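A.B. asks: the sequence and its predicted three-dimensional model are supplied below.
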Amino acid sequence: MKSKTKNRLTESEIHALVKLHFGCEPEEIRELKGGMFNAIYRMRLSSSGRDVVLKAGVIPGTPLLSYEQDIMPVEVACYRLIQEQTSVPVPEVLAFDFSKRQIAGNYFFMTALEGVPLSDVIKKLRPDEIAHIREQQAEYLEQLHHIEGPYFGYFTEDLSRQYATWEEAFRAMFRQLLQDAHTHNIRLPYNRIEAALRKNASLLTEPKKPCLVEFDCHEGNIFVKDTGHGYEIEGILDFERSFWGDPFADFPAAFVFTDDVRREKAFLAAYLKASRRTAYTAADARRGQLYRLYLMTIMASEVFRYGFFYGKLQGLWAKAQIRKCLKTLSQADHSED
């Protein structure tokens, strides 16, 4: 995917980084094309024959949404937390440098996975195979949600953005996003979005503990591997957009093309069982619509980084989803009157 955010490295830069961290040469370097934000390279280390992945962060000064500024350290921090506190399969971080002295941007090396993104194979899987993967996904997300943070909101050292409540955090996150959309001249129903947030603010008081929310656990970031007895999740990737919040916020990002997680029966049943919850209530579903509204507003607002045709298509689709979310929330409001 072409994106203005990708910091594409030269072969000499890659060779220098591998020499610095591993003392050998990279072989069979190839850029991985699936990502939409960072430049990612897979290569083999000449010293061990081991495959590794290099992820190169955005060049400083590149236009971004506010929450995306300098987010690569979040991913590395999340991998460490996940390995320490869960059995969720994630890559191992092998080396990193956030000084921006070696290249123009952050970078890190991690172990390479052997499988493929779920998005590459899901259309050829049987319904029972998909259900099995979704059950695994639910169980892994539920484990992630046991990792508790010190505050609500995005990872930050800025004390003014470390919130005591989820309502404060989410409304501030959304407020900043709408400001970014204004800055990039994105046409959105701003007044309706702000009204929906005010009307449903009381729903955001339910989450009491800040838990790790990946907010990017979609089919492209779930790697699966054929074991000979069916596909299993080999690893989950891309935690740089994570925040401390409501565990249910992970659902819309996990199912971007599903407007209500209750349609994902295998996933939701497995999640409820793992979390020992009895139900996903109507109020939970309304909160889910708020999080989907946030996700779709992000997708509508980030299109400035893409080429004209892809950006236009994503923008039109995301704006249609925004209207749908607002309609769903409005109907829920009227049903209570």
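C.D. replies: Cool, the structure landed.
A.B. asks: so Asn211 versus Tyr306, what's the distance?
C.D. replies: Just so we're on the same page, residue 211 is Cys rather than Asn. Computed as C-beta to C-beta, to the nearest Å, the Cys211 to Tyr306 distance reads 32 Å. All C-beta atoms are positioned from the backbone trio N, CA, C, and that covers glycine.
A.B. asks: what does Ala112 give?
C.D. replies: Per C-beta to C-beta, Ala112 is found 27 Å from Tyr306.
A.B. asks: likewise for Asn185?
C.D. replies: Noted for Asn185: a distance of 15 Å to Tyr306, by C-beta to C-beta.
A.B. asks: give me the more crowded residue out of the two.
C.D. replies: Tyr306 (19 against 7; other C-beta atoms under 10 Å).
A.B. asks: mind listing what the more buried one touches?
C.D. replies: With contact set as C-beta atoms under 8 Å, 6 or more residues apart in numbering, Tyr306 has these partners: 1-4, 36, 314.
A.B. asks: just the buried members of those residues?
C.D. replies: 3, 314 (16 or more other C-beta atoms under 10 Å).
A.B. asks: make CSV out of the contacts of Tyr306 and add distance to Leu237 and secondary structure.
C.D. replies: Below are these laid out as CSV (distance: C-beta to C-beta, whole Å; DSSP: H, G, I helix; E, B strand; the rest coil):
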residue, distance to Leu237, secondary structure
Met1, 15, coil
Lys2, 20, coil
Ser3, 17, coil
Lys4, 22, coil
Met36, 13, coil
Gln314, 21, helix
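A.B. asks: can you put the contacts of Tyr306 in CSV and add pLDDT and distance to Glu168?
C.D. replies: Output for these, formatted as CSV (pLDDT from 0 to 100; distance: C-beta to C-beta, whole Å):
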residue, pLDDT, distance to Glu168
Met1, 63, 34
Lys2, 77, 37
Ser3, 88, 32
Lys4, 91, 33
Met36, 88, 30
Gln314, 96, 30
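A.B. asks: what's the most distant pair in the contacts of Tyr306?
C.D. replies: Using C-beta to C-beta, the contacts of Tyr306 reach their maximum pairwise distance at Lys4 and Gln314, which is 14.0 Å.
A.B. asks: can you give me the strands for the stretch 51-200 of the chain?
C.D. replies: Listed in chain order, the strands of the stretch 51-200 of the chain (DSSP state E, counting those that start in this stretch) span 51-56, 93-97, 107-111, 116-117, 153-154.
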